[in-house]
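Participant: sequence-free structure coming up:
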């Protein structure tokens, strides 16, 4: 249990460990610089154990809006801020969330955003960039060094580009180096084999395919790197909007192939980035 001096609290906790409610019903106080400096001083003086401080940091703060609860400490726990899923939200809601996130973080990402979402965000934050094909709104205030390891992102066909772009933008926001390989589906497997050297150079491979969804199995049989398969909703009726390729990928005979949800380029890009970071110095 975290014990603090209640006369000069570092965190909004009482001596019994229960949170002290802030004056505002909407916001739990943020970990600003002065509060963080006080915490560091308390740790150095032995008043607060580091393990207790980390426990408190992992759970605070969050900010409640009438339509959302924003997790401002996601980057502390997961090394990247909370990502906004824009689909189903109004442009004003997305703009409100995006602006609040940008107040606390140097990078913000919204996925499944349309032009109206992007316009609303850019009215408040002109530096935000809308990636139309990826349907992503991205804001990166500072640049960080790129990963030394490369993530290859492979699409079976040009129709899979929206999902590929969502994966690429996600990797970019996580400072990952990527190599994009497009239109190498199994109907013309010689096109894929001509890119084998690029596949072998990658630390992680994301493979995106609709229709029959066979490409990840082929790639999995060519490389020693982990393969993240993404089924897309591209295809005729019997593909059932991506269920057909999803089942094909789940039944992949090549080892080392894992599968994310239909059209989930974000999930694949995020997972690939996490894997790639493990191999970084």
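Facilitator: Arrived safely, thanks for sending. It should be emphasised that the depicted structure is a prediction, and the values quoted were computed from it without experimental measurement.

Participant: Okay, buried residues for stretch 250-258 please.
Facilitator: Within stretch 250-258, the residues that count as buried by 16 or more other C-beta atoms under 10 Å are 252, 256-258. Quick note: C-beta positions are derived from backbone N, CA and C, even for glycine.

Participant: End to end on that stretch, go ahead and measure it.
Facilitator: One end of stretch 250-258 sits 8 Å from the other (C-alpha to C-alpha, to the nearest Å).

Participant: Please narrow the buried residues of stretch 250-258 to those residing in strands.
Facilitator: Secondary structure from DSSP state E places 257-258 of these in strands.

Participant: From the buried residues of stretch 250-258, pick the one nearest residue 197.
Facilitator: Distances from residue 197 to the buried residues of stretch 250-258, taken as C-beta to C-beta, are shortest for residue 256 (18.9 Å).

Participant: Enumerate the beta-bridge partners assigned to the closest residue to residue 129 other than its chain neighbours.
Facilitator: Nearest non-adjacent residue to residue 129, counting by C-beta to C-beta, 6 or more residues apart in numbering: residue 138, 5.2 Å away. Note on residue 138: beta-bridge partners by DSSP bridges are residue 109, residue 129.

Participant: re the thing from before, would you turn the buried residues of stretch 250-258 into TSV with distance to residue 228 and pLDDT?
Facilitator: Converted to TSV, the buried residues of stretch 250-258 look like this (distance: C-beta to C-beta, whole Å; pLDDT from 0 to 100):
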residue	distance to residue 228	pLDDT
252	12	92
256	10	92
257	8	96
258	6	96
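
Participant: tell me which element the nearest residue to residue 111 once chain neighbours are set aside is part of?
Facilitator: With sequence-adjacent residues excluded and distances taken as C-beta to C-beta, 6+ apart, residue 111 is closest to residue 266, at 4.9 Å. In this structure, residue 266 sits in helix 265-278 according to DSSP states H and E.

Participant: Nearest spatial neighbour of residue 141, chain-adjacent residues omitted?
Facilitator: Leaving aside its sequence neighbours, residue 141 sits nearest to residue 106 (C-beta to C-beta, 6+ apart; 4.2 Å).

Participant: now the helices: where do they sit in the stretch 51-200 of the chain?
Facilitator: 74-78, 91-104, 115-124, 161-173, 189-193, 196-200 (DSSP state H, counting those that start in this stretch).

Participant: Deepest in the core, which of the ones you listed is it.
Facilitator: Comparing the helices of the stretch 51-200 of the chain by mean neighbour count (mean count of other C-beta atoms under 10 Å), helix 161-173 comes out on top with a mean of 25.

Participant: Mind listing residues that contact that one?
Facilitator: Residues from elsewhere that reach helix 161-173 (C-beta atoms under 8 Å, 6 or more residues apart in numbering): 80, 107, 109, 111, 131, 133-136, 138, 140, 151, 153, 155, 178, 180, 182, 206, 208, 230, 232, 263-266, 268-270, 272-273.

Participant: try stretch 198-207
Facilitator: Here stretch 198-207 makes contact (C-beta under 8 Å, 6+ apart) with 149-154, 156, 167, 179, 181, 215-216, 219, 222-230, 268-269, 272, 275-276, 279.

Participant: for stretch 177-192, same thing?
Facilitator: The contact list for stretch 177-192 (C-beta under 8 Å, 6+ apart) reads 146-158, 161, 164, 168, 171-172, 195, 198-199, 201-202, 209, 211-212, 214-215, 218-219.

Participant: Identify each buried residue in it, please.
Facilitator: Under 16+ other C-beta under 10 Å, the buried positions of stretch 177-192 are 177-179, 181-182, 184-186, 192.

Participant: just these now: which is nearest residue 86?
Facilitator: Checking the buried residues of stretch 177-192 one by one against residue 86 (C-beta to C-beta), the nearest turns out to be residue 178, at 22.7 Å.

Participant: Identify the bridge partners of that closest one.
Facilitator: Beta bridges link residue 178 to residue 151, judged by DSSP bridges.
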